[in-house]
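1. just a sequence and a predicted model for now, questions to come.
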Protein chains: 2
Amino acid sequence: MKTYNQMGLIGCGLMGGSLALALKQARVVKSVVGYSKSPSTTARAKAKGVIDLEAKSAMQACAGSDLIVVAVPVSATGATFKSIRQFVQSNVLTLDVGSTKQDVVKNAEKFLGWNAQYFVPAHPITGKEVSGVDHAEAGLYRGSNVVLTPTPATDLDKVQDAQALWAAVGARVHVMSPSEHDAIMAGVSHLPHLVAFAFMNGLLSQSDYSAMVKLAGPGFRDFTRIAAGDPVLWRDVLLANRTEVMGQLRQLVLSMQAFQKALHDQDGDALEQLIKKASKARNEWRS
Amino acid sequence: MKTYNQMGLIGCGLMGGSLALALKQARVVKSVVGYSKSPSTTARAKAKGVIDLEAKSAMQACAGSDLIVVAVPVSATGATFKSIRQFVQSNVLTLDVGSTKQDVVKNAEKFLGWNAQYFVPAHPITGKEVSGVDHAEAGLYRGSNVVLTPTPATDLDKVQDAQALWAAVGARVHVMSPSEHDAIMAGVSHLPHLVAFAFMNGLLSQSDYSAMVKLAGPGFRDFTRIAAGDPVLWRDVLLANRTEVMGQLRQLVLSMQAFQKALHDQDGDALEQLIKKASKARNEWRS
């Protein structure tokens, strides 16, 4: 398969750092030049062997790279594209790893112009509650789903190269439009995060919060795990995908109202049917 | 510590079966006589060594027992108390394992009358998505929280015996009133279940459900794990604790509206503060 002499990594966090490790382990990439906004992050990435060379700027990370990976918070994608636009060329594969795609594509078109065709938007659907290069690991993408969201303008060879690259680190690769991606993610990822955050805040507003969470069991633990997510990352994701997220939120409220009505009416049959439907679907998921 | 010659187990499911195994392993109980509504369950419990003798009725399981454990669905508690009332006596410790407590106490007072004082309502806060005696294990209660909810009428010696019994199987024992228990559980357990069920139903109502759940990742997996719960069990729990659950649901809706407003106003600062509060609380839980 196609290999790369030099990967320019912009953003040496959990996602970017793990991809660098995975691509080197798979011998898809020979060496990695990395840049992070915080110099101490870049230094730690170097010390951990995640990157081979420290760059002083995003531009320096891109110079001479035949693979560019933009792994910054989604809100920083536009500014990053702006600073590296001269390096996004036909002989270079450029990827991102952002959780929302319509806004990323809009920024690519705005700041990369004609050369946005050589950029393949990507969203690896994985992660941990913890972030940062210290948690980066080569196996992060093994078995995970990765969605590529090319536009009609995207170079087809680049899409194929991106598919091969993600497959090489063990991911299952899907291709769909940016809007389809964002609609799906609003439902299965962004809304659950919003609800988990709101649920924690609902408990916190009650006077017996401490007594409550002291008795919280494994159901609470799993249901709220994603509430521990990074505030800035999730602020950006929810804002970037706000229209879809608000639509999903309305859907959930409707769905909760059916439960509210069954409880209010003490209608055991209706309640059982509602739960049965959900339980069946969840039991059949990936089984 | 106090030991028991014979445990009469009514309901040989996951919770009752695991308690039988744990109490025998801890040498707190010598032998177990078990009864389940379904004869095939009772037979499987015998074959698995969860019980030592099969009883043909709840009464037969209680005859000669100095420990009685009622481990039936909460909706069957009243009928069970009615059928065994003659065996709930001062020389016998009687427990249940139900997830709601005010309704159980009400049924105890109604059907056991004066002898309700020898019954110690108990809720072990643990479980699995799977139910049934086949999943019973001696270690289920190790490290879990167990709440005892005696009333002012409950015999104090019996409360102490129940505390010792649950401590012997490795549980952390808490004592509080039935209403305090139900209020807490509505917040940290019953509401999350209701929301997880409603969330699955909200997705199911959308035409691209299959495409959505195909791309669902680890966040979805954990957030919805409890949606796989048993429909009859959860129907009963939600109905039994409906007033508290509806109160918690209103609280969550308020909390979700704060997110909705921040998204609508595109107010990044407000959104970040909301997420930060939730994330901090979740990160500090049990750490």
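-> Yes, it's here.
2. rest of the way, CA atoms for contacts and neighbours
-> Noted.
3. tell me which residue is most central in chain A.
-> A:Ser99 (3.3 Å; C-alpha atoms, centre = their mean).
4. you'd agree that residue is in a helix?
-> No. Checked against DSSP: H, G, I helix; E, B strand; the rest coil, A:Ser99 lies outside a helix; its state is coil.
5. grab the nearest non-local neighbour of it.
-> Closest residue to A:Ser99 apart from its sequence neighbours, by C-alpha to C-alpha, 6 or more residues apart in numbering or on different chains: A:His123 at 5.6 Å.
6. show me what the host helix or strand of the one you found is packed against.
-> Secondary-structure assignment from DSSP states H and E places A:His123 in strand A:122-125. Using 3 or more C-alpha pairs under 8 Å, 6 or more residues apart in numbering or on different chains; DSSP states H and E as the contact test, the elements touching strand A:122-125 are strand A:93-96, strand A:145-148.
7. same thing but at 10 Å, please
-> With contacts taken as 3 or more C-alpha pairs under 10 Å, 6 or more residues apart in numbering or on different chains; DSSP states H and E, strand A:122-125 sits against strand A:93-96, strand A:145-148, helix A:156-168, strand A:172-175, helix A:178-185.
8. alpha carbons only: can I get the helix or strand following the first one in CSV?
-> For strand A:93-96, the succeeding helix or strand toward the C-terminus, using DSSP H and E, is helix A:102-112. What follows is helix A:102-112, C-alpha atoms only, in CSV (Å, rounded to 0.1, in the frame of the first residue of the first chain):
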residue,chain,number,x,y,z
GLN,A,102,-20.1,20.2,8.0
ASP,A,103,-18.2,23.0,9.8
VAL,A,104,-14.8,21.5,9.0
VAL,A,105,-15.7,21.2,5.3
LYS,A,106,-17.0,24.8,5.3
ASN,A,107,-13.7,26.0,6.8
ALA,A,108,-11.7,23.9,4.3
GLU,A,109,-13.6,25.5,1.4
LYS,A,110,-13.1,28.9,2.9
PHE,A,111,-9.4,28.7,3.8
LEU,A,112,-8.0,26.1,1.4
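9. from the chain's centre, how far out does the strand or helix carrying A:Met246 sit?
-> Assigned by DSSP H and E, A:Met246 belongs to helix A:242-264. Relative to the chain's own centre, helix A:242-264 is displaced by 25 Å; criterion: C-alpha atoms, centre = their mean, to the nearest Å.
10. to B:Val173, which of the helices and strands packed on strand A:122-125 lies closest?
-> Taking C-alpha to C-alpha as the criterion, B:Val173 comes closest to helix A:178-185 out of these, the separation being 41.5 Å.
11. list the helices and strands the closest one packs on?
-> Here helix A:178-185 is seen to pack against helix A:102-112, strand A:122-125, strand A:145-148, helix A:242-264, helix B:209-214 when contacts are counted using 3+ C-alpha pairs under 10 Å, 6+ apart.
12. export stretch A:68-75 to PDB, keeping only CA atoms.
-> What follows is the C-alpha trace of stretch A:68-75 in PDB, where atoms were taken according to Å, rounded to 0.1, in the frame of the first residue of the first chain:
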ATOM      1  CA  ILE A  68      -0.700  16.200   7.000                       C
ATOM      2  CA  VAL A  69      -3.000  15.400   9.900                       C
ATOM      3  CA  VAL A  70      -4.900  18.200  11.500                       C
ATOM      4  CA  ALA A  71      -5.900  17.000  15.000                       C
ATOM      5  CA  VAL A  72      -6.800  20.200  16.800                       C
ATOM      6  CA  PRO A  73     -10.100  21.100  18.500                       C
ATOM      7  CA  VAL A  74     -12.800  21.600  15.900                       C
ATOM      8  CA  SER A  75     -13.000  25.300  16.800                       C
END
